[in-house]
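# below are the sequence and a predicted model; questions follow.
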Amino acid sequence: MTPTPPPPVEAVLFDLDGTLVQTRIASWTVFSTINDRFGLGVDGPEQYFDLFRGNVYDSIAKLCRDEAHAAEVKNAFLTLLREEYDPPLVPGVADVVRRLAGHCTLAVMSSNAMQVMRRVLTGNDLAYCFAHVFGGDVAPDKRTAVRTFLADAANSYGRRCSADYDEGGRLQTPDLTSTVLVTDTAGDVRDAVEVGIRAVGVAWGMHSPDELLAAGAEFVALWPQEITAHLLGDAAALPPGGACAVPAGGTAPACATPPRTGSAREPSDDPGAPGRDAAAGDGDCGCGCGGDPLRVPLHGAARVRRDRRRTAAAGLTPAAGVAGTAPGSGSVPLAEASPGPPGPAAGQEMLDAVRRVVRG
């Protein structure tokens, strides 16, 4: 009998350390300082990784004299993480996140500090792909973070790699069967199973594939790309869309769009400023970066949001003769069409509001 396929994934909850970022060296380097300072007796990295078979702070507490000592150690560890921990992304993970963001509501759940998560996600141009972030200083464990996420009535609104939440797109409906935790530790997998959601392991973190499967993972990815293949099926082959397709900045090759010249000029919101190239910054690449690859994510995402607002505004266009897309013009934006005869005061007020939105 053919097994019933799992329901479509609506929400993907990522662990941070060992899943999105490389942590075996970076995390141990920080913890070894705490271990030596407080005499915790952890002899090396492998013994440290064993602490993650359950909640890491519960495991550390068992090494301490009493609750006060455990609290002191946890605070010192979080403080040092905030100050010194800045690990690199796992190769290939950025593309996985951008592809999933176009299909699912994404969140990060970690025992690490919120400040660290902000530094890692903003530093790699991934912050706006995630709708929610739970750190160890705001949620005591993964079980609490997952339950908080599922209980939030607004978890239907994802982020599509831009600052705004996707109010106009398809609403997600995350529940126990359509929510997946992606992690590298057996302790996290057990937490997911206890709450009732699905778990997918990754082989490049702290625990082995066999350990992850034994804990209850439905699948263990050997490479980052297997995450999208497992969760999205054939849709994993589709390229990222919208703002999720904007390449990460930082190096010149990120602007992969060829230079364009001679395109129409787009008026600036500042009447005294010169117009800019409507399709390609100032004749550079077309992604909105204006020739500066470090500006790609911000300006590319802004362009996507502006186009989305223009599309929505077109649906509000009144009958012909009132300002909107000019009849026969094909693509003249609302704000650039010549206004027709004035309508009722209320209608004109709405049109003025729409123009202001479109210009934004």
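That came through, no problem.
# and the strands in this protein?
Using DSSP state E, the strands of the chain run over residues 11-14, 105-109, 132-134, 179-183, 198-202, 219-221, 265-266, 276-277.
# for those, give me CSV that also has distance to residue 157 and mean neighbour count.
(Each C-beta comes from the backbone N, C-alpha and C, glycine too.) Shown next, in CSV, are the strands of the chain (distance: least, Cβ to Cβ, whole Å; neighbours: other Cβ atoms under 10 Å):
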stretch, distance to residue 157, mean neighbour count
strand 11-14, 11, 27
strand 105-109, 7, 27
strand 132-134, 10, 21
strand 179-183, 15, 28
strand 198-202, 21, 26
strand 219-221, 27, 22
strand 265-266, 29, 13
strand 276-277, 31, 18
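# distance to residue 213 and mean pLDDT for those - can I get that in TSV?
As requested, these are exported to TSV (distance: least, Cβ to Cβ, whole Å; pLDDT from 0 to 100):
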stretch	distance to residue 213	mean pLDDT
strand 11-14	19	97
strand 105-109	21	96
strand 132-134	25	96
strand 179-183	13	98
strand 198-202	7	98
strand 219-221	6	98
strand 265-266	53	40
strand 276-277	53	39
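# adding distance to residue 230, write those out as JSON lines.
Below are the strands of the chain laid out as JSON lines (distance: least, Cβ to Cβ, whole Å):
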{"stretch": "strand 11-14", "distance to residue 230": "11"}
{"stretch": "strand 105-109", "distance to residue 230": "16"}
{"stretch": "strand 132-134", "distance to residue 230": "22"}
{"stretch": "strand 179-183", "distance to residue 230": "9"}
{"stretch": "strand 198-202", "distance to residue 230": "6"}
{"stretch": "strand 219-221", "distance to residue 230": "5"}
{"stretch": "strand 265-266", "distance to residue 230": "42"}
{"stretch": "strand 276-277", "distance to residue 230": "41"}
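# which stretch among the ones you listed comes nearest residue 72?
Evaluated with Cβ to Cβ, the strands of the chain place strand 132-134 nearest to residue 72, the distance being 23.4 Å.
# quick one: contacts of that closest one?
Defining contact as Cβ atoms under 8 Å, 6 or more residues apart in numbering, one finds that strand 132-134 is touched by 105, 107-110, 114, 117-118, 121, 145, 148-149, 152, 155.
# highest neighbour count among those residues?
Taking other Cβ atoms under 10 Å as the neighbour criterion, residue 109 ranks highest of these with 31 neighbours.
# what's the neighbour count on the nearest residue to residue 33 once chain neighbours are set aside?
Of all residues not flanking residue 33 in the chain, residue 80 sits nearest, at 6.2 Å (Cβ to Cβ, 6 or more residues apart in numbering). Using other Cβ under 10 Å, residue 80 has 17 other residues around it.
# out of the contacts of strand 132-134, who's nearest residue 181?
residue 109 (7.4 Å).
# about what we covered before: quick one: which of the contacts of strand 132-134 is nearest to residue 51?
Nearest to residue 51 out of the contacts of strand 132-134 is residue 110 (Cβ to Cβ; 14.7 Å).
# state the distance from the residue nearest to residue 33 to residue 138.
Distance, residue 80 to residue 138, by Cβ to Cβ, to the nearest Å: 18 Å.
# next one: residue 224
Separation of residue 224 from residue 138 (Cβ to Cβ) stands at 27 Å.
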